[in-house]
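**Student:** Everything below, folded, please.
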Amino acid sequence: MFRVIAHVGSAVLTILIIHQILPDEVHYQDNETLLIFAVILGLLNAFVLPIIRTIAIPLTCLTLGLFALVITAAAFYLSSLVLDGVEITYLGAAIAAVIFGILNGVLDTVMRR
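**Tutor:** Prediction:
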């Protein structure tokens, strides 16, 4: 349960950072919509993406890990398509994937300690 909450918090923080850096790439209506988006993305990252990443291990190895960023960017973009109040461009999803990867790396390090 803590892992899901950490993913949701990481998603909210990522979207807020991207919105501050590139306001044209990320649009959301209000904070409630952002929280719902983060819950959708957090659940997707906690339950579905590990399965997709496991299936895509050969392609991830061939691209030296860059395909993992493509998978995360696709998760951001597809999550924004599910919810009407959030709009993320392709560039915003790609940058969000990089920032989300960094934040998740920090969170995983902290959680293991």
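
**Student:** Next one: residue 59 from residue 26, what distance?
**Tutor:** From residue 59 across to residue 26, the span is 27 Å (CB to CB, to the nearest Å). For every residue, glycine as well, the C-beta is placed using N, CA and C.

**Student:** More neighbours: which of the two?
**Tutor:** residue 26 (26 against 13; other CB atoms under 10 Å).

**Student:** wait, that one sits on residue 92?
**Tutor:** Yes - the criterion here is CB atoms under 8 Å, and residue 26 meets it with residue 92 at 4.8 Å.

**Student:** what sits in contact with each of those two?
**Tutor:** Both residue 26 and residue 92 are contacted by residue 18, under the criterion CB atoms under 8 Å, 6 or more residues apart in numbering.

**Student:** how about the residue lying closest to residue 99 once chain neighbours are set aside, secondary structure?
**Tutor:** Leaving aside its chain neighbours, residue 99 sits nearest to residue 14 (5.0 Å; criterion: CB to CB, 6 or more residues apart in numbering). Following DSSP: H, G, I helix; E, B strand; the rest coil, residue 14 is assigned to helix.

**Student:** From here on, call the first residue 857.
**Tutor:** All set: I'll call the first residue 857, so the last point we hit is now residue 870.

**Student:** List the residues that contact residue 870.
**Tutor:** 952, 955, 956, 959.

**Student:** and if you look at residue 963?
**Tutor:** 862, 866.

**Student:** now the helix or strand harbouring it, how far from the chain's geometric center?
**Tutor:** Secondary structure assigned from DSSP states H and E places residue 963 in helix 946-968. In this view, helix 946-968 has its centroid 7 Å away from the chain centroid, taken as CA atoms, centre = their mean, to the nearest Å.
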